[in-house]
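Visitor: With the sequence up front, the predicted model follows.
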Amino acid sequence: MIHETAIIESGAKLGHNVEVGPYAIIHRNVVIEDDCKIGSYCELGIETSLGDGSPLIIAKNSNIRSRSTFYESSSFGENLVTGHSVIVRENTKAGKSLQIGSMSDIQGDCSFGDHTRMQSNVFVGKMSQIGSFVWLFPYVILTNDPTPPSNDLIGVTIEDFAAIAAASVILPGVKVGAHSLVAAHACVTKDVPSGAVVGGTPAKIIAETKDIHLRNDPSQSAYPWTQHFHRGYPDDIVKSWKNQFTK
Amino acid sequence: MIHETAIIESGAKLGHNVEVGPYAIIHRNVVIEDDCKIGSYCELGIETSLGDGSPLIIAKNSNIRSRSTFYESSSFGENLVTGHSVIVRENTKAGKSLQIGSMSDIQGDCSFGDHTRMQSNVFVGKMSQIGSFVWLFPYVILTNDPTPPSNDLIGVTIEDFAAIAAASVILPGVKVGAHSLVAAHACVTKDVPSGAVVGGTPAKIIAETKDIHLRNDPSQSAYPWTQHFHRGYPDDIVKSWKNQFTK
Amino acid sequence: MIHETAIIESGAKLGHNVEVGPYAIIHRNVVIEDDCKIGSYCELGIETSLGDGSPLIIAKNSNIRSRSTFYESSSFGENLVTGHSVIVRENTKAGKSLQIGSMSDIQGDCSFGDHTRMQSNVFVGKMSQIGSFVWLFPYVILTNDPTPPSNDLIGVTIEDFAAIAAASVILPGVKVGAHSLVAAHACVTKDVPSGAVVGGTPAKIIAETKDIHLRNDPSQSAYPWTQHFHRGYPDDIVKSWKNQFTK
């Protein structure tokens, strides 16, 4: 399952049933657990003086698509899925079932909860703290420097179940509340309350999420999205969401 | 013309005079017609359960630049040209002479007419329908989910000869009319009439295209751009455009 | 120091102590000076009819990270540093200590002074002229076509020490003055005076840089940033900056 052109350095630890595609490079300080698939041209475990010396850990049942670049000293829970050409720096810690879209760029010292999903070309600046069940849509940018360039870095915080629509920018230190929605192409300069919809530049509160209805069924509120969107989530979690709304 | 390090799977069909660069991978379910050039590190024909089983078809005289990734079950007319590091998913159908800029990301189930041109880092969401002679400039984003995340997907429609300037976002289901112009950094939330110029967030009509003049020749209207911009289009088409304006 | 899988074409000139990573490709019309490091999967010196026939020159002590693509007929001063997956076209001339962020795309016919730094996903359109000590943050876009598509191209000019924050777009022909700051997510349609802060779409003057204070030390102005931010600049330059402010 290891392609003959792949380069696996001595010291790398690969579990059972790990596939490694053509021209991939696995450096020495890497742990890949069972049942993972590493695509062609991936390079995992690049050494860096900014890491703490710990290995890159890819937990079981993960699928890293081609051309992805990961540094050492980050760890990912089981079921990690990436698109193509992803870049992930050191000291990033993620829960399980993270999805990273193609060409996304995760800087160092970030954290992610469980089941968070990013689409293409998301930029996650250093020190971002991102909860569980969060959605970051294409070209979302999480910044960290309030007076660029400076050493005053402060990451953004995105709470559970928040959804940030395409091409939005979140300014340094901003907290985006749980179950909120940032509209497409917004520039968020202040904290967003839980359950609010914000949009524009600078972003203002334009609604509460409960006021937004599904396009195909205007009788139903579109939020919390857990009421109607379940694709790819584990059965027990979906069941708990359903119970919540039928009470 | 096939570099010795390229991997060509059994089943792939390559025409006459096809060049394949170093470290490229051509999977089995691919048809590449005559006189095509496939750059280094390209990977063509990735298998996916989301495809219909049909091959990736690259028609004659195409030039796919290095590091590009194409899935199976898409087809492209002759003279396809891509930049570097392009990603194209399954079930995408394009006419002839499509240009895809570097790092652009074309999701599945999209359609393109003839002679449409994208620049760098264009994101084409699933189910986008794009006409002929369209221009999508750098970092244009075509979305498809009105209440993200949901299953209510609806693609955007871009009609013939429309030009979408840099860093604009088109919201789900919006139709951008023929010969219109979306100004840079706009967020388009409503349909754009043919021949209109829209700009801002949310985008508003700010002019008609005929009111915009060339910078280097203010006596001449800049639109329809077919009056003055002909680079790379076939002679017979340019001739028909000229006839149209001299009548 | 040349990995056995790297392809070095006859004619390429490599200095002393040059490292070349796995699967890299160095074409014939390339000069790499002493003490440079070329990462895995890099491809340097792609031939193009748009170049003047001169080689790609990478001066001493440079570090080009993996998956980067450079064409022939550009030259870079010493200490060039790139992120991953950078694309640089022909006829680009840069001074020393340029930093190019991951996935940035530098079009042809651009110029850069010394010590300029770009972060991820910066798009530098053809004919951009960028000074020294400039900062371009993630997803900044420098455009060049006032009536797209046209042949009326005019690049932007960014003067020394200017900082352009994330996701801003600079329109064709605009001059961004020295020591100015463009706020995140701005669309800059007119020249920016030296020392001004601009923001919004279209961008307006919202302050002078001297009115913005450091987050962690509100008694100190955040600009000129040379007062407090010195990371990675040479000692003699930092000393000159300090002298300037203690006079």
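Guide: Done, it's in. Numbering: from 1, shown residues only, chains lettered A, B, ... in the order given.

Visitor: so who does residue A:122 touch?
Guide: A:100-101, A:104-105, A:136-142 (C-beta atoms under 8 Å, 6 or more residues apart in numbering or on different chains). For the C-beta atoms, the positions are set from N, CA and C on the backbone; glycine is no exception.

Visitor: Residue A:59 and residue A:93 touch, don't they?
Guide: No. Judged on C-beta atoms under 8 Å, residue A:59 makes no contact with residue A:93 at a distance of 11.7 Å.

Visitor: Chain B contacts on chain A?
Guide: By C-beta under 8 Å from any C-beta of the partner chain, the residues of chain A that approach chain B are A:5, A:22-23, A:40-41, A:66-67, A:83-85, A:102-103, A:117, A:120-121, A:135, A:137-139, A:163, A:165-167, A:181, A:184-185, A:200-201, A:212-216, A:222-223, A:225, A:228-229, A:231.

Visitor: which residues of chain A fall in helices?
Guide: Using DSSP state H, the helices of chain A run over A:235-246.

Visitor: Contact distance from chain C - what residues of it qualify?
Guide: A:7, A:23, A:25, A:41, A:43, A:46, A:67, A:69, A:85, A:87, A:103, A:105, A:121, A:123, A:125, A:139, A:141, A:143, A:145-152, A:154, A:167, A:169, A:171, A:173, A:187, A:201.

Visitor: Sort out which of those residues are buried, if you could.
Guide: A:7, A:23, A:25, A:41, A:43, A:46, A:67, A:69, A:85, A:87, A:103, A:105, A:121, A:123, A:125, A:139, A:141, A:143, A:145-150, A:152, A:154, A:167, A:169, A:171, A:173, A:187, A:201 (16 or more other C-beta atoms under 10 Å in any protein chain shown).

Visitor: now, which of the residues of chain A next to chain B lie within strands?
Guide: Under the assignment DSSP state E, the residues of chain A next to chain B contribute A:117, A:135, A:163, A:181 to strands.

Visitor: what's the closest of these to residue B:55?
Guide: residue A:117 (30.4 Å; C-beta to C-beta).

Visitor: who's that closest one bridged to?
Guide: residue A:99, residue A:135 (DSSP bridges).

Visitor: Could you give the number of residues near it?
Guide: Neighbour count of residue A:117, defined by other C-beta atoms under 10 Å in any protein chain shown: 20.

Visitor: contacting residues around it?
Guide: Here residue A:117 is in contact with A:98-99, A:134-136, B:149 (C-beta under 8 Å, 6+ apart).

Visitor: Could you do residue A:102 as well?
Guide: Residue A:102 sits in contact with A:65, A:82-86, A:120-121, B:87, B:105, where contact means C-beta under 8 Å, 6+ apart.

Visitor: and if we set it to 10 Å?
Guide: Going by C-beta atoms under 10 Å, 6 or more residues apart in numbering or on different chains, residue A:102 touches A:65-68, A:82-86, A:118-122, A:138, B:69, B:85, B:87, B:89, B:103, B:105, B:107, B:123.

Visitor: Let me know the distance separating it from chain C.
Guide: 11 Å (C-beta to the nearest C-beta, to the nearest Å).

Visitor: For residue C:242, see how far away that residue is.
Guide: 44 Å (C-beta to C-beta, to the nearest Å).

Visitor: returning to what we had before: can I get the contacts of residue A:117 in a markdown table with pLDDT and distance to residue A:54?
Guide: Listed next are the contacts of residue A:117 as a markdown table, based on pLDDT from 0 to 100; distance: C-beta to C-beta, whole Å:
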| residue | pLDDT | distance to residue A:54 |
| --- | --- | --- |
| A:98 | 98 | 18 |
| A:99 | 98 | 23 |
| A:134 | 98 | 25 |
| A:135 | 98 | 29 |
| A:136 | 98 | 26 |
| B:149 | 98 | 33 |
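
Visitor: Just the buried ones from the residues you listed?
Guide: Buried by 16+ other C-beta under 10 Å: A:98-99, A:134-136, B:149, out of those.

Visitor: Quick check: closest non-adjacent residue to residue A:154.
Guide: Of all residues not flanking residue A:154 in the chain, residue A:173 sits nearest, at 4.1 Å (C-beta to C-beta, 6 or more residues apart in numbering or on different chains).

Visitor: What's the separation between that neighbour and residue A:146?
Guide: 7 Å.

Visitor: And for residue A:32?
Guide: Residue A:32 is 38 Å from residue A:146, by C-beta to C-beta.

Visitor: In strands only, show me the buried ones among the residues of chain A next to chain C.
Guide: A:7, A:25, A:43, A:46, A:69, A:87, A:105, A:123, A:141, A:169, A:187.

Visitor: Can you name the two of those that sit furthest apart?
Guide: Farthest-apart pair in those is A:7 and A:187; separation 43.2 Å (C-beta to C-beta).

Visitor: picking up where we left off before, pick out the most distant pair among the buried ones among the contacts of residue A:117.
Guide: Across the buried ones among the contacts of residue A:117, the longest distance by C-beta to C-beta is 15.3 Å; it joins A:98 and B:149.

Visitor: Could I get the contacting residues of residue A:232?
Guide: A:79, A:81, A:97, A:99, A:115, A:117, A:238.

Visitor: So which of the residues you listed is surrounded by the most neighbours?
Guide: Busiest of these [other C-beta under 10 Å] is residue A:97, holding 24 neighbours.

Visitor: still on that earlier bit, which one among the ones in strands among the residues of chain A next to chain B gets closest to residue A:52?
Guide: Among those, residue A:117 lies closest to residue A:52 (C-beta to C-beta), at 27.2 Å.

Visitor: how far away is that closest one from residue B:46?
Guide: For residue A:117 relative to residue B:46 (C-beta to C-beta), the value is 21 Å.

Visitor: Much appreciated, bye for now.
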